[in-house]
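**Q** with the sequence up front, the predicted model follows.
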Amino acid sequence: MASFGKFIKAEREKKGWSQTEFGAKIKINTPAVSRIENDRKMLSISKIELLATLFELNYNTIKDLYFADKFAKEAYEYKCSEKVFSVAESQTNYLREINAKQGKIKF
């Protein structure tokens, strides 16, 4: 799988948009688009919904790609072991479970 920046570049090119055209659509300048596509900067999370709309893709899929890339880059940067991914999955399941239980109130 490619990085989120490479994903953005591939989708932008499928649409036939230049970096300048794409930047205008998501309201960022061309140098910022270049840094994002070259993995030197992360796209703001506030742009994810707009990105999904522009690329005509599912919002949750885009959001999952964004956070997976962000997490993987941070884990790599801090030289985490491979175990970090299974621990993160367990932690996510735990958070889902406690939030689901809190929503069940019997009267």
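**A** Alright, I've got the coordinates. Residues are numbered from 1 along each chain as shown.
**Q** and the helix-or-strand element of the chain with minimal mean pLDDT, what other elements does it pack with?
**A** Ranked by mean pLDDT, DSSP states H and E, the weakest helix or strand in the chain is helix 83-102, scoring a mean of 85. With contacts defined as 3 or more Cβ pairs under 8 Å, 6 or more residues apart in numbering; DSSP states H and E, the secondary structure elements packing on helix 83-102 are helix 59-77. Yep, even glycine has a C-beta here, placed from its N, CA and C like the rest.
**Q** what is the helix it packs on packed up against?
**A** Contacts defined by 3+ Cβ pairs under 8 Å, 6+ apart place helix 59-77 against helix 4-15, helix 48-55, helix 83-102.
**Q** and the second one, what's its mean pLDDT?
**A** In other words, helix 48-55. For helix 48-55, the per-residue pLDDT values average out at 97.
**Q** please apply the same query to stretch 17-37.
**A** On average, stretch 17-37 scores 97.
**Q** thinking again about what came up before, would you list the helices and strands packed on helix 59-77 in a markdown table and tack on mean neighbour count and distance to residue 25?
**A** Converted to a markdown table, the helices and strands packed on helix 59-77 look like this (neighbours: other Cβ atoms under 10 Å; distance: least, Cβ to Cβ, whole Å):
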| stretch | mean neighbour count | distance to residue 25 |
| --- | --- | --- |
| helix 4-15 | 17 | 9 |
| helix 48-55 | 16 | 6 |
| helix 83-102 | 10 | 32 |
